[in-house]
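1. From the sequence below, what's the structure:
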Amino acid sequence: MVCPRFVLAIAIVCVTLPSSWSIAEAVDLGQLEKDAFLGERNALESESILDFDSPPRSSDWLKRSHLLLQPPPDHTAFALRLEPLKPSKTAELAQGIDLETYQQLFIPQHRHQPGRQPFEPTQVPLQQPSSQEPGVSLSTPSGYGLAWRSLGIGVGIQSRTRYSHRADGTLGVGLGFGNPTQAVGLQVGLGLVDVTDPFADGTISLKLHRQLPEDIAIAIGGNGVLTWGSPDGGTSFYGVVTKRFTLKESSQAPFSQITTSLGVGSGQFRSESAVNQNQEGVGVFGSVAVRLAEPVSGIVEWTGQDLNLGVSLIPFRKIPLVITPSVNDITGSAGDGARFVVGIGYGLNF
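-> You can find the predicted model right below:
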């Protein structure tokens, strides 16, 4: 009588065998004593029969051209000797099998089959992450800055200045030095505050910045360290810490990141009343940016004087252009009402 485990083992091996192999020989080892069986197994292994410590599973792959199946102790053990299928044996095994099953077992899927279209790989265009990121603040500093061989060019336009109905604009150029990830980065900024006569009034600003582990960045700097003409704002010094929280692994997912900044500064970061009364001191500023989508961030910030709301977006995936529209002085604690401001920046690496 044939042992059911022997039949089941053969059936399982048939399922897991590649289509170019067949069972050539089955040897019953059930009558061997334990020591004799071990010796026999060693002899079989010397002929390239591989040993498995458990019955075969559908996920087991054949190695070389032999396989040894060893059930748990006190059960019949079998050695199955395998050899490549010849065309005649393929035909013999295929007898009694319907055409669809035969094709699945013996015809590789990549080979053309009568009545079926040949497989052709489809090129699916993968969406690449943007090389540029939207901004994390509107008008206040963050812990990030330009590094060596990086250049930023920007223009800012406001619908009107405070306490007037006159529109105004500024031009800015920033150049990066150093390495903020390994040492310290230095950003040097040139600001031209009168677009009608660009070089009549201007400022030079400096920022030292460093990127730390855990997505933390710090910076100290001065706006208007050097001035000429009659620029607005005077000279302001500040220190700021920025922390990025990653909510999702992919920046392409909605609401993937939150970036927060908190800082203290003198000059323009003081309250409007302190500025008007020439009171020395510092003010607190900060911002929160939420990555709504890969190319868009929503930003809320406190400038030290009033609240600003805006968005920063990248309209073109392969062009490092950032557009940042905002509404400034929303609460009325500074100025004479809300104002619309838009900034356009372009980044270069060389």
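2. pLDDT score assigned to Tyr102?
-> For Tyr102, the pLDDT comes out at 45.
3. Next: His165.
-> You'll see His165 listed with a pLDDT of 89.
4. likewise the one 3 residues further on?
-> According to the model's per-residue confidence, Asp168 sits at a pLDDT of 89.
5. quick thing: my sequence starts at 29, can you match it?
-> Sure, I'll start counting at 29 from here, so that last one is Asp196.
6. Once you drop chain neighbours, what's closest to it?
-> Leaving aside its sequence neighbours, Asp196 sits nearest to Thr189 (CB to CB, 6 or more residues apart in numbering; 5.0 Å). C-beta: built from backbone N, CA, C; applies to glycine.
7. if I pick that neighbour, what's in contact with it?
-> Ala195, Asp196, Arg367 (CB atoms under 8 Å, 6 or more residues apart in numbering).
8. So Ser279 is in contact with Ala321, correct?
-> No: look at Ser279 against Ala321 with CB atoms under 8 Å: they stay out of range, at 9.2 Å.
9. can you give me the strands in the stretch 179-328 of the chain?
-> 196-206, 213-220, 230-240, 244-256, 264-274, 285-293, 311-321, 324-330 (DSSP state E, counting those that start in this stretch).
10. Report the contact partners of Leu275.
-> Phe283, Ser284, Gln285, Ile286.
11. and what of Val269?
-> Val269 sits next to Gly171, Ile244, Ala245, Ile246, Ser289, Leu290, Gly291 when contact means CB under 8 Å, 6+ apart.
12. ok, what's across the strand from the residue lying closest to the last one once chain neighbours are set aside?
-> Nearest-residue entry for Gly291: Val268, 3.2 Å, with adjacent residues in sequence omitted and distances by CB to CB, 6+ apart. The residues paired with Val268 through beta bridges, assigned by DSSP bridges, are Ala247, Gly291.
13. can I assume Pro259 is in contact with Ala228?
-> No: under the criterion of CB under 8 Å, Pro259 lies out of contact with Ala228, with a separation of 9.5 Å.
14. Name the residue in those two with the higher neighbour count.
-> Pro259 (19 against 13; other CB atoms under 10 Å).
15. Compute the distance between the residue nearest to Gly291 and Leu254, please.
-> When distance is defined by CB to CB, to the nearest Å, Val268 is 21 Å away from Leu254.
16. Also Arg319?
-> In terms of CB to CB, Arg319 sits 35 Å off from Leu254.
17. Tell me which of these two has more neighbours.
-> Using other CB under 10 Å, the more surrounded residue of Arg319 and Leu254 is Arg319, with 26 against 12.
18. what number of residues lie near the spatially closest residue to the more buried one that is not a sequence neighbour?
-> Closest residue to Arg319 apart from its sequence neighbours, by CB to CB, 6+ apart: Gln285 at 4.0 Å. Neighbour count for Gln285, taken as other CB under 10 Å: 20.
19. same thing with Gly295?
-> 19.
20. mind listing what the nearest residue to it once chain neighbours are set aside touches?
-> Computed as CB to CB, 6+ apart, the closest residue to Gly295 that is not its neighbour in sequence is Ser264, at 2.9 Å. Counting by CB under 8 Å, 6+ apart, Ser264 touches Gly250, Asn251, Gly252, Gly293, Ser294, Gly295, Gln296, Phe297.
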